[in-house]
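Peer 1: Provide a 3D model corresponding to the input given below.
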Amino acid sequence: YVHTSKWYCTVLATEKNKNESFNRILDMGCYKEQSFIGRKCENKSECIMEKIYNSPPVDTYYRCCCDKDYCNKKIIWPVNITTIYETTTSDQWKSPTTRTTSIGDDKRMLYIIIGCALIVFLLVCGLIAFFLLRRQCNKEHARKMLIDPTIRYPETRPFLESIESIQLDPEIPQQRRFCTIHTGRILSSGLRVAVKVLSDNDIQSSTLYKQEKMIYELLNNSPNNILK
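Peer 2: Below you'll find the predicted structure:
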């Protein structure tokens, strides 16, 4: 562990039991000087274990501390361990917060988190605005389609400018409420045709004309025997 100013690296262990072949490491990290006696850790480059004596029933603990970077990475267990007589309990040794990063690193990480959160927020707002605008455009297009169904199908071929180019027969084969069916021929080619004449003085006739015009202009509806 890397320590900063007024921080010391330490290791806290407990004595091994009868069935264990090693001592148990309870805590390893860097702590403030106030967490233990600083003068025992200053100017030490190695983490040499010392025995902490506490009166029963408190267990016996071992501690080493030093003030160099990564000095607690390697633990030294001397044959004759020095006993330190202290009244400090084990809870006091394990309570300090581990210090592995500097204040500058914490601020940098905070700025990164805030920046990422801001980017995510802007992306979410942009997506919401996009879908709302798209939905509004679809509603507007649907409204125009209800008013004029021929918007979807623009004219691909011109309609006959006038019925004067067709000579109608005097007989009227069929006559309906909103239209009349005539027979006749095209003057320029003599081709026999049937002509549907819609009434122009009725709203229903106008709607019928727009609907039939839309059907005739469908891309897949182009029979040769229908004049457009």
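Peer 1: use CA for all of it now, contacts and neighbours both
Peer 2: Will do.
Peer 1: C137: helix or strand, and which one exactly?
Peer 2: Counting by DSSP states H and E, the element that carries C137 is helix 103-147.
Peer 1: What about T180, how many residues nearby?
Peer 2: 15 (other Cα atoms under 10 Å).
Peer 1: Also P173?
Peer 2: 11.
Peer 1: my guess is it contacts C179, does it?
Peer 2: No. Using Cα atoms under 8 Å as the test, P173 is too far from C179 to be in contact (11.8 Å).
Peer 1: Mean confidence (pLDDT) on the helix or strand following the helix holding C137, please.
Peer 2: Later in the chain than helix 103-147, the nearest helix or strand by DSSP H and E is strand 166-168. Strand 166-168 shows a mean pLDDT of 81.
Peer 1: tell me which element Y62 falls in.
Peer 2: strand 61-66.
Peer 1: what does that strand rub up against?
Peer 2: Here strand 61-66 makes contact (Cα atoms under 8 Å, 6 or more residues apart in numbering) with 8-15, 40-53, 72, 75, 90.
Peer 1: Now with 7 Å, please.
Peer 2: 8-15, 41-42, 44-52 (Cα atoms under 7 Å, 6 or more residues apart in numbering).
Peer 1: Any of these buried? List them.
Peer 2: 8-14, 41-42, 44, 46-52 (16 or more other Cα atoms under 10 Å).
Peer 1: Which of those fall in strands?
Peer 2: 8-14, 47-48, 50-52 (DSSP state E).
Peer 1: closest to L168 among the residues you listed?
Peer 2: C9 (108.8 Å; Cα to Cα).
Peer 1: residues touching that closest one, list them.
Peer 2: Contacts of C9 (Cα under 7 Å, 6+ apart): 1, 3, 29-31, 65-67, 71-72.
Peer 1: run the last query once more with 6 Å
Peer 2: The contact partners of C9, taken as Cα atoms under 6 Å, 6 or more residues apart in numbering, are 29-30, 65-66, 72.
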